[in-house]
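**Student:** Okay, sequence plus prediction incoming.
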Amino acid sequence: METPDYIDQYFEPLRILSKNRCANEEEYEQVLKAYSFAKEAHKNQKRLSGDPIILHNIDVARIVVEEIGLGYKSIVTALLHHIVTDTDYTLEEIAGMFGEKIGELVDGLGKMERVFAAQNKTQEETFKQMLLTVNNDIRVLLIKLADRLHNLRNLKELPVEKRARNLGESMYIFAPLAHQMGLYTIKSEIENIWMRYVMPVEYSEIEEKIKNETGRRGSAITKIFIEPITEILNKEGLNFRITTRIKSPYSIWAKMKKRNVAFESVFDLFALRIIFTPDIPNREEEHNICYRIEELLNERWVPYRERRRDWLKNPKETGYEALHSTYLTPSGNWLEVQIRSKRMDDIAEQGVAAHWKYKGITPEVSGMERWLAKVRETLENKDSQSLEFFDNFQPGSLISVIYIFTPKGEMRILPKGATALDFAYYIHTHVGNHALAAKINEKITLLSTPLRGGDQVEIITTEQPGVRIEWLGEVTTPKARSLILETLKKSGTDYIDEGRQLLSSKLAEFGIRIHTRLTNKLLAAYNISSKEEMYGKIGAGMLDLSNLRDILMKGTPTRKFVSWVPVPDWNRREDYNAFHFATCCRPTSDDKLVGFINRKTHDLYIHATTCPRIEGLKRLHKNENAEVAVVWQKQRLSSSLVKLMLRGNDRLGIIFDITHTISLDMCVNIRSFSLVSHDYIFDAELEIYVQNTDDLKALIGELKKIKGVETVKQLEQ
């Protein structure tokens, strides 16, 4: 059992922090008074974990002062933030004991607590009401953010349902808020906690890879960069420290998802931070020192100009200031160096709260205040813009799930794109089978209506089940689709088997059997997501097969295939303009590769390691760091079918040059190729698979460079 002495010991670190943070003894006495009052008021009150409530209040106050950097009023408010909701004390009594401002802050947090406690509100309504409770004091948001962060750190204490709601609210509301307020460390922690619970396998895999990579490259970075930088800046007489930044698992996952790349292709895993303290606290002087440090680093290492970011002249709206420069290491890796003053670093870590600390040095923090004003104006309009704002506020397309609420406030996590009928089956098979319509945010809608994050959904049911084959077109999740098919099969109507037999019979007329590639072709043509749905619709007479012959004769619009492409075996990918296969050896996927960067064009020329020119090229580029190890990498690509027409002067080897350019130089797959020559003029038609329009433009450009080719045009399919 926790004794008063234990609680006092638990408070001791916060007491020391408060003593250092308070401007005078009067402020410090207010903190001690708030602690004593809260400890007595919450006596014998426990959290779900069994811990005294006062311990939670102390932890929140520590986050407020230690991680966000707020002052004594926020510390006092954090200690008192459960008083009005969990005890018999009134707001008037709090204001009488601690002042009107503390009363306002406690009132704001109390209102916000009631908003989140309500079980019959959608996330959109929760979000709107939360922001409308802030009034004109942003500290209410900051303290609530600290409260939520502490709850997330102790998430295992919560029941599963409340845990899911907490995660959803935190990712969709608090992480973007932390970002908007410049609290990047807290934002990152929220994202990583979310990922650890929602995507535990992916989180563990990335975390393990980070550990391995850190061990492999950490000592090299220290030797190659940190030690020389320390020596250089010591000679300048600067007061500084150097820290390292390692990208978080969520941040890496988000980048992999956004750019569709593997972990090994995330190149900014590490960054160095040079944080200096100027002799004179002056912004202009700080900027001059930043540029001077960059100049010294540029003299020692090769900078990558395109990735330079100057946030000194134009700070971010959150107030973030820094100078980012990227350098090439001897091992061929890129390393970002972030240069900033102690003031800039405080703002980067503590966001909007740090601006008050440097009032007079830092420009006025109008960005966040303008943003909050815009939010309130938008929400108070009470029109469709509020919902649009909420959608824009979410983390975006990286989040592949949506959080939907029942009328009782229970949360369900569904894949993005799910419909009301999907939701019905996620509640229970019986609810799905008996669904008639949906009530979304109190409005009756069709079961096929797509859901949005934060929607409150009620399913209206009938006594008799109404499952129909058409429902397969009204759901998007495999779970709902399989339950519909299973129910239809149990009812004695096996449309799937009937449809499979009917399709087999039709294909037999053309001498064709069903196979995977043909099935994928038909799914694309009929715009259906699964073969079971296709067979079911054919069996129910919902799909017309009269145009089957035309579909079979038409070229497949898309195709997934395995391709081998050359990839430089290092972490830098942007230091050459383009790559070409050397004409002297024409390497194939069976060859081991090596490349050399041309000093004039900066293009990478790839040779087989058995090429007779290798030794000469090594001597030629001996002092230029131009040799690059290259490996073949397997890629699984989804590409579109494009038809091209070529015309030009016929000559010996024209077919070889065209196919070599397409297949080897551009790594593009050819589906068909035909060429007819007459009177020394050739006409060629070919079908190729390309990933996007940029690749197509690049290919057409390369084909036009071939000697004899005069015209290259894309034909309609």
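**Tutor:** On my side now, so go ahead.
**Student:** hang on, isn't residue 420 packed against residue 443?
**Tutor:** No: using CB atoms under 8 Å, residue 420 is not in contact with residue 443; the gap is 11.3 Å. In short, each C-beta sits where N, CA and C put it, glycine included.
**Student:** Those two - which one has more neighbours?
**Tutor:** Applying other CB atoms under 10 Å to residue 420 and residue 443 shows that residue 420 carries more neighbours, namely 26 against 8.
**Student:** Report the contact partners of the more buried one.
**Tutor:** Neighbouring residues of residue 420 by CB atoms under 8 Å, 6 or more residues apart in numbering: 435, 438, 440, 445, 446, 447, 448, 449, 451, 457, 459.
**Student:** what about the most centrally placed residue in the chain, distance to residue 627?
**Tutor:** By CA atoms, centre = their mean, the mean C-alpha position of the chain lies nearest to residue 254, the distance being 3.2 Å. Here residue 254 is placed at a distance of 34 Å from residue 627 (CB to CB, to the nearest Å).
**Student:** Check residue 298 too.
**Tutor:** 25 Å.
**Student:** Secondary structure element holding the residue nearest to the centre of the chain?
**Tutor:** helix 249-259 (DSSP states H and E).
**Student:** same question, residue 436
**Tutor:** Short version, using DSSP H and E: residue 436 is in strand 435-440.
**Student:** same thing with residue 414?
**Tutor:** Applying DSSP H and E, one finds residue 414 within strand 411-415.
**Student:** what's the angle from whichever helix or strand comes after that strand to strand 411-415?
**Tutor:** Later in the chain than strand 411-415, the nearest helix or strand by DSSP H and E is helix 420-427. Here helix 420-427 runs at an angle of 120 degrees relative to strand 411-415 (axes from the mean of the first three to the mean of the last three CA atoms, to 10 degrees).
**Student:** any idea how far the helix or strand just after helix 420-427 is from the chain center?
**Tutor:** Proceeding N to C from helix 420-427, the next assigned helix or strand is helix 429-433, under DSSP H and E. Distance, stretch centre to chain centre, for helix 429-433: 34 Å (CA atoms, centre = their mean, to the nearest Å).
**Student:** For helix 429-433, list every residue counted as buried.
**Tutor:** 429, 432, 433 (16 or more other CB atoms under 10 Å).
**Student:** Rounded mean pLDDT for it, please.
**Tutor:** Helix 429-433 carries an average pLDDT of 93.
**Student:** what does it contact?
**Tutor:** 421, 424, 425, 459, 461, 465, 466, 467, 480, 483, 484, 487.
**Student:** and which of these is nearest to residue 648?
**Tutor:** Using CB to CB, residue 480 comes nearest to residue 648 of the contacts of helix 429-433, at 54.8 Å.
**Student:** got the CA coordinates for the host helix or strand of the closest one in CSV?
**Tutor:** Here residue 480, judged by DSSP H and E, is contained in helix 478-490. Listed next in CSV are the C-alpha coordinates belonging to helix 478-490 (Å, rounded to 0.1, in the frame of the first residue of the first chain):
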residue,chain,number,x,y,z
PRO,A,478,-12.5,-10.1,-47.3
LYS,A,479,-14.2,-10.8,-44.0
ALA,A,480,-17.7,-9.5,-45.1
ARG,A,481,-17.3,-11.1,-48.5
SER,A,482,-16.5,-14.5,-47.1
LEU,A,483,-19.4,-14.4,-44.6
ILE,A,484,-21.9,-13.4,-47.4
LEU,A,485,-20.7,-16.3,-49.6
GLU,A,486,-20.8,-18.7,-46.7
THR,A,487,-24.4,-17.7,-45.8
LEU,A,488,-25.5,-18.1,-49.4
LYS,A,489,-24.0,-21.5,-49.6
LYS,A,490,-25.7,-22.6,-46.4
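**Student:** Show me which positions of it end up buried.
**Tutor:** 479, 480, 481, 483, 484, 485, 487, 488.
**Student:** The fifth one against residue 472, yeah?
**Tutor:** Spelled out, that is residue 484. Yes: counting by CB under 8 Å, residue 484 does reach residue 472; the two are 6.0 Å apart.
**Student:** got the contact list for the closest residue to residue 480 other than its chain neighbours?
**Tutor:** Among residues not flanking residue 480 along the chain, residue 425 sits closest, at 4.1 Å (CB to CB, 6 or more residues apart in numbering). By CB under 8 Å, 6+ apart, the residues touching residue 425 are 431, 432, 475, 477, 479, 480, 483, 484.
**Student:** any idea which of the contacts of helix 429-433 is closest to residue 308?
**Tutor:** residue 480 (49.9 Å).
**Student:** and the closest one, what pLDDT?
**Tutor:** 88.
**Student:** So this protein: which segments form each domain?
**Tutor:** 4-198, 200-357, 401-490, 495-554, 560-715 (automatic domain parsing).
**Student:** in the helix holding residue 254, what counts as buried?
**Tutor:** 249, 250, 251, 252, 253, 254, 255, 256.
**Student:** related to what we said a few turns ago, from the chain's centroid, how far away is the helix holding residue 480?
**Tutor:** 33 Å.
**Student:** just stretch 413-433 next, same as before
**Tutor:** For stretch 413-433, the distance to the chain centre is 26 Å (CA atoms, centre = their mean).
**Student:** ok, now stretch 486-495?
**Tutor:** 41 Å.
**Student:** How about stretch 469-479?
**Tutor:** 28 Å.
**Student:** Repeat that for stretch 449-462.
**Tutor:** 26 Å.
**Student:** And that stretch, end to end?
**Tutor:** Start-to-end span of stretch 449-462 (CA to CA, to the nearest Å) is 19 Å.
**Student:** Now do the residue nearest to residue 480 against residue 478, distance only.
**Tutor:** 11 Å.
**Student:** Residue 578 is in contact with residue 604, isn't it?
**Tutor:** Yes: using CB under 8 Å, residue 578 and residue 604 qualify as a contacting pair, with a distance of 7.2 Å.
**Student:** So between the two, which is more surrounded?
**Tutor:** Neighbour count, other CB under 10 Å: between residue 578 and residue 604, residue 604 has more, with 20 against 12.
**Student:** which residues does the more buried one form a beta bridge with?
**Tutor:** Judged by DSSP bridges, the bridge partners of residue 604 are residue 579, residue 597.
**Student:** Do I have it right that it meets residue 597?
**Tutor:** Yes: judged on CB under 8 Å, residue 604 makes contact with residue 597 at a distance of 5.4 Å.
**Student:** picking that back up, what's the average pLDDT for the strand holding residue 414?
**Tutor:** Strand 411-415 comes out at a mean pLDDT of 74.
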